[in-house]
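> Quick one: sequence and predicted model below, then my questions.
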Amino acid sequence: MTNPDSDTAAPAVELVPLDRAECLSLLLKSGVGRVVFTDAAMPAAHPVNYVLDGEEILFRTAEGRTLTATNQAVVAFEIDQLDPVTRTGWSVLGVGQAYEVTDLDRLAALDGRAPVAWAPARTPHLIAVPLQRLTGRRLRPIADAEPRR
């Protein structure tokens with residue numbers, strides 16, 4: 001693997017903000033992200049598999065600290081795809097007040113679409129994060145630019 005911090009010339013890239021529609025499109029293409037929350041007054045980030053339902057992220061969690069720390073709390077949800085060799089890629093960050101989905105009609109409507117837990121015996125709770133704030137950025141090559149040194 002090439003070291004992205006070596007002395008070789010790196011491609012010139014620019015940082016471009018993504019609009020909400022592109023952020024949602026990228027969220028649809030992935031299936032694993034990180035939920036970021038406060039746990040015992042400290043930042044925590046856990047990888048989760050998820051689905052996008054409208055403009056809400058849905059993931060499963062078990063009884064315990066993650067459920068306690070995320071339910072009714074403001075959390076962040078982040079996905080990215082980065083190439084360290086070309087120094088290109090994108091990142092999407094959503095923020096919202098998470099809540100546990102307990103409404104039986106909604107749970108029935110989500111049947112078959114909600115994320116399937118990777119450890120099914122341990123993740124009975126379905127958490128939703130409404131994407132009240134959604135931002136993203138893309139690192140893309142600059143056309144006709146000289147490589148950076």
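Now that the structure is in, tell me what you want to look at.
> Please, which helix or strand holds the closest residue to residue 57 other than its chain neighbours?
Spatial nearest neighbour of residue 57, excluding adjacent residues (CB to CB, 6 or more residues apart in numbering): residue 129 at 4.3 Å. C-betas here are computed from N, CA, C, even on glycine. Element membership for residue 129, per DSSP states H and E: strand 125-130.
> okay, and for this structure, where does confidence drop off?
Low-confidence segments of the chain, defined by pLDDT under 70: 1-11, 120-123, 144-149.
> what helices or strands is the lengthiest helix in the chain leaning on?
Taking DSSP state H as the criterion, the chain has its longest helix at helix 20-29. In terms of contacts (3 or more CB pairs under 8 Å, 6 or more residues apart in numbering; DSSP states H and E), helix 20-29 is packed against strand 42-53, strand 88-97, strand 133-141.
> again, only this time at 10 Å
Applying 3 or more CB pairs under 10 Å, 6 or more residues apart in numbering; DSSP states H and E, we find helix 20-29 packed against strand 13-18, strand 42-53, strand 74-83, strand 88-97, strand 133-141.
> now the angle from the next helix or strand after the second one to strand 88-97?
Right, the one you point to is strand 42-53. As assigned by DSSP H and E, the chain's next helix or strand after strand 42-53 is strand 56-61. Strand 56-61 and strand 88-97 are oriented at 80 degrees to each other (axes from the mean of the first three to the mean of the last three CA atoms, to 10 degrees).
> right, and the helix or strand after strand 56-61?
Assigned by DSSP H and E, the successor of strand 56-61 is helix 65-70.
> buried set for that following helix?
66, 67, 69, 70 (16 or more other CB atoms under 10 Å).
> Now distance to residue 30 too, for the residues you listed, in a markdown table please.
Formatted as a markdown table, the buried residues of helix 65-70 follow (distance: CB to CB, whole Å):
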| residue | distance to residue 30 |
| --- | --- |
| 66 | 20 |
| 67 | 23 |
| 69 | 23 |
| 70 | 19 |
